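J.: please find the sequence and the predicted model below.
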Amino acid sequence: MSSKITPKHIAVAGNIGAGKTTLTEMLAKHFNWEPYFEDVEHNPYLADFYEDMPRWSFNLQVYFLNSRIRQQIAISAEKKTVIQDRTIFEDAAIFAPNLYEMGLMPHRDFENYQTLFGSLKQLVNPPDLLIYLKASVPKLVDQIQKRGREYEENIRLDYLKRLNEFYNKWIDSYKEGALLVIDLDKLDFEENKEDFAEVVSRINAQINGLF
């Protein structure tokens, strides 16, 4: 068995429909890492949010924030290497500001959220390696339609497009730790074994460069 040191915390980031959960599952199995998933099935606000974004935006973001802080606490206690489906930083850097700029979250709610995140951020360490799944909007739409979640049928295209813009801006200035960008318009890790092997090879190269 290899005695090679590995990072403690790896995270997969990306827009809705990018394939974060799928890649998290595949990498957890391949590397024998402990997966931590975003719980969308039991989220009490998600379906309501897609029906009426202005009404439920703040509730949804606070729910996500609470959920991810609890995840971070659990991750910090893990003995194994953890791979996480979406990070707490995406909520504050992408989803909440996008809702605010689109007029879907009131100013006082946005300020309240930002203050709350600022307090909680002091308790959180960034991942050792962030894997960003970059995809065009048509690619995202195609993958969202394939998985067929009923509540996602109401996602607005302009909402998805703006999220992509926020994601790319965030990644362009990301300085919190090591970063690996996977272009989903060029690599199909789910359907193509060679593409998944390419992803694994690039992750190994990143890990070897960290230590």
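T.: Great, that's in hand.
J.: what packs against the least confident helix or strand in the chain by mean pLDDT?
T.: Least confident helix or strand of the chain, by mean pLDDT, DSSP states H and E, is helix 137-147 with a mean of 87. Secondary-structure packing of helix 137-147 (3 or more CB pairs under 8 Å, 6 or more residues apart in numbering; DSSP states H and E): helix 157-172. Backbone N, C-alpha and C define where each C-beta goes, glycine included.
J.: just say helix, strand or coil for Ala13.
T.: strand (DSSP: H, G, I helix; E, B strand; the rest coil).
J.: what's the burial count for the residue nearest to Phe58 when sequence neighbours are not counted?
T.: Leaving aside its sequence neighbours, Phe58 sits nearest to Asp109 (CB to CB, 6 or more residues apart in numbering; 4.0 Å). When neighbours are defined as other CB atoms under 10 Å, Asp109 has 18 of them.
J.: quick one, helices of the protein?
T.: 20-31, 46-51, 53-76, 88-90, 96-101, 107-121, 137-147, 157-172, 193-210 (DSSP state H).
J.: and those helices, which is most packed in?
T.: Across the helices of the chain, averaging neighbours per residue (mean count of other CB atoms under 10 Å) puts helix 88-90 on top, at a mean of 22.
J.: could you list the residues in contact with that one?
T.: 13, 65, 68-69, 71-72, 117, 120-121, 124, 126, 167, 170, 176 (CB atoms under 8 Å, 6 or more residues apart in numbering).
J.: spatially nearest residue to Met102, not counting backbone neighbours?
T.: With CB to CB, 6+ apart, the residue lying closest to Met102 is Arg162, at 6.6 Å.
J.: so which of the helices of the chain comes closest to Phe37?
T.: Among these, the nearest to Phe37 by CB to CB is helix 20-31 (6.1 Å).
J.: what residue is smack in the middle of the chain?
T.: Arg86 (2.5 Å; CA atoms, centre = their mean).
J.: once you drop chain neighbours, what's closest to it?
T.: Glu38 (4.8 Å).
J.: before we move on, what about Glu101?
T.: Arg162 (7.6 Å).
J.: show the contacting residues for that neighbour.
T.: Asn98, Glu101, Met102.
J.: which single one of those is nearest to Arg202?
T.: Among the contacts of Arg162, and counting by CB to CB, the member closest to Arg202 is Asn98, at 28.5 Å.
J.: correct me, but that closest one touches Tyr167?
T.: No: at 9.5 Å, Asn98 does not count as touching Tyr167 under the criterion of CB atoms under 8 Å.
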